[in-house]
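*Asks:* Need a 3D model of the sequence below.
(one chain, ligands or ions: 1)
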Amino acid sequence: KSNVPRNLPPPVALTIAGSDSGGGAGIQADLKTFHAHGVHGLSAIAAITSQNTRGVTAVHPVPLTHIRSQLEAVFDDFPVAAVKTGMLGNAGIVRLVARELRKRKPAWVVIDPVMISTSGSRLLDEDAIEALIKNLIPLADVLTPNLPEAEALLGHPLRTAKQFAQAGHALRALGARAVLLKGGHGRGNTLIDRYFDERGLMEIHHARLPREGHGTGCTLASAIAAELAKGAAPRQAVRRAVAYVQRALKNGYRPGAGTAFALRH
Ligand code: PLP
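*Replies:* Have a look, this model is predicted:
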């Protein structure tokens, strides 16, 4: 499963994200993904959600002082090779996380611009999108929006082939070094993920599975961070991470009464 030698400490990755009490998405998905990749996972919890396979019933942002102290605790002690950010909740948290990342300068930063859950709950205040664009996205080595998130970041819908072709350029113009525009919210039997970097466009085509996965976005971004922490180049990290999520969803299961599938890591 992992090619990290047993006798050496594994690479270290940090997730800064929200807790999913249902164990399918968020911090819980991130740590499972890090573990499955043979990476030591650290976490700074930015928000606590009360949620299960049927949806989110409450969201509690963690106070800034305690997010800061979690970040200080982990950065002061561990050689953090890669950071993944997920659900951040509000503008103050976005700015705090950006400030810490600018100060600590980890080698790799993966930003998953989480905004709304598949079940329809807001996971980022609407007025925090500006802070995300201004403060956090310029720090991203890989930015991983789904289609609605890309539309929110760009401020216009993505419908035509031409708009898709330009989206990568426009998102990179916000300061992200590379952008993975996820195709999960598109239509058709083939799902197309589009990765844009300084070399241009790399498309990854795969079959759309007839099930609603919970935590696929969190898992994908964490798998990219884990691969980067282990030394993969970004394009390779993205290809492997997409394959990892595909496999985990194909082997997925319904852990609760709702229709959402959990990933098998
Ligand atoms: N809960 C938390 C804490 C998350 O970070 C996310 C996603 O990023 C979700 C829920 C939503 O997961 P999904 O849309 O895959 O159901």
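
*Asks:* Show me what Phe261 is bridged to.
*Replies:* Gly213 (DSSP bridges).

*Asks:* Am I right that it is in contact with Asn251?
*Replies:* No - here Phe261 does not reach Asn251: they are 9.8 Å apart, not a contact under CB atoms under 8 Å. For the C-beta atoms, the positions are set from N, CA and C on the backbone; glycine is no exception.

*Asks:* Between those two, which is the more surrounded one?
*Replies:* Using other CB atoms under 10 Å as the criterion, Phe261 and Asn251 rank with Phe261 on top: 23 against 11.

*Asks:* Report pLDDT for that one.
*Replies:* With respect to pLDDT, Phe261 has a value of 94.

*Asks:* If we ignore the residues flanking it in sequence, what's nearest Leu220?
*Replies:* Leaving aside its sequence neighbours, Leu220 sits nearest to Val245 (CB to CB, 6 or more residues apart in numbering; 4.8 Å).

*Asks:* and the one you found, that's in a helix?
*Replies:* Yes - applying DSSP: H, G, I helix; E, B strand; the rest coil, one finds Val245 inside a helix.

*Asks:* wait, doesn't it sit right on Ile224?
*Replies:* No - counting by CB under 8 Å, Val245 stays clear of Ile224, with 9.9 Å between them.

*Asks:* More neighbours: these two, which one.
*Replies:* Between Val245 and Ile224, Ile224 has the larger neighbour count (other CB under 10 Å), namely 31 against 26.

*Asks:* Whichever strand or helix holds that one vs the ligand: in contact?
*Replies:* In the assignment (DSSP states H and E), Ile224 maps to helix 216-229. Yes - for helix 216-229, a contact with the ligand is found by CB under 6 Å from any ligand atom, at 216-218.

*Asks:* Return the set of residues that bridge with Ile111.
*Replies:* With DSSP bridges as the criterion, Ile111 is bridged to Thr85, Leu143.

*Asks:* The ligand versus that one, what's the distance?
*Replies:* 12 Å (CB to the nearest ligand atom, to the nearest Å).

*Asks:* hang on, isn't that residue packed against Ile137?
*Replies:* Yes - between Ile111 and Ile137 there is a contact at 6.3 Å, judged by CB under 8 Å.

*Asks:* and the residue of the stretch 151-265 of the chain nearest the ligand?
*Replies:* Using CB to the nearest ligand atom, the single residue of the stretch 151-265 of the chain nearest to the ligand is His214, 4.2 Å away.

*Asks:* do you know how far the nearest residue to Ala237 once chain neighbours are set aside is from His40?
*Replies:* Of all residues not flanking Ala237 in the chain, Glu227 sits nearest, at 3.5 Å (CB to CB, 6+ apart). Distance, Glu227 to His40, by CB to CB, to the nearest Å: 15 Å.

*Asks:* These two: who's more crowded?
*Replies:* Legend: neighbour count by other CB under 10 Å for Glu227 and His40, higher for Glu227 (26 against 19).

*Asks:* need the contact list for the more buried one.
*Replies:* Glu227 sits next to 37, 236-237, 240-241 when contact means CB atoms under 8 Å, 6 or more residues apart in numbering.

*Asks:* do that again at 6 Å, thanks
*Replies:* Applying CB atoms under 6 Å, 6 or more residues apart in numbering, one finds that Glu227 lies in contact with 237, 240-241.

*Asks:* Quick one, grab the pLDDT at it.
*Replies:* At Glu227, the pLDDT recorded in the model is 98.

*Asks:* so Asp77 sits in a helix?
*Replies:* No - counting by three-state DSSP, Asp77 falls outside a helix, being coil.

*Asks:* can you list the residues of the stretch 151-265 of the chain near the ligand?
*Replies:* Residues of the stretch 151-265 of the chain lying near the ligand (CB under 6 Å from any ligand atom): 214-218.
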